[in-house]
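>>> Using only what follows, build the 3D model:
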Amino acid sequence: MNEKLVEVFRTRGEGPAQIIKGMLESNGIPCLLKSNAAPSVFPFTVDGMGEYMIMVRSEDAADSLRLIESRDEGPGDVVPPEGESG
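Coordinates of the predicted model:
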């Protein structure tokens, strides 16, 4: 993947991130799960250190956000594309 990636979703747990990743991939949108969380048996979140981010190609951002916003509400934050305020 040599294209520009943008963040479309952020959450404090791996479970919700995996669900969103699976939803996007099942709709034909390749994505990357990124995290600063240290591998641990007891995961924790301190000041954003345990957050998980979903990254997609910039051309897939709008479709990704529509899919994410159309789901049943759950934990996590939808991140507006660069240059837009939520």
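
>>> Show the residue spans covered by the helices in the chain.
14-26, 61-70 (DSSP state H).

>>> will you turn those into CSV that also has distance to E51, mean pLDDT and mean neighbour count?
No exception for glycine: its C-beta is placed from N, CA and C like everyone else's. As requested, the helices of the chain are arranged in CSV below (distance: least, Cβ to Cβ, whole Å; pLDDT from 0 to 100; neighbours: other Cβ atoms under 10 Å):
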stretch, distance to E51, mean pLDDT, mean neighbour count
helix 14-26, 9, 93, 16
helix 61-70, 16, 93, 16
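
>>> closest one to G50 among those?
Closest approach to G50 among these (Cβ to Cβ): helix 14-26, 8.9 Å.

>>> relative to helix 61-70, how tilted is the closest one?
130 degrees (axes from the mean of the first three to the mean of the last three Cα atoms, to 10 degrees).

>>> ok, the closest residue to L33 other than its chain neighbours - contacts?
In this structure, L33 finds its nearest non-sequential neighbour in K21, 5.2 Å apart by Cβ to Cβ, 6 or more residues apart in numbering. Contacts for K21 were tallied using Cβ atoms under 8 Å, 6 or more residues apart in numbering; they are C31, L33, I54.
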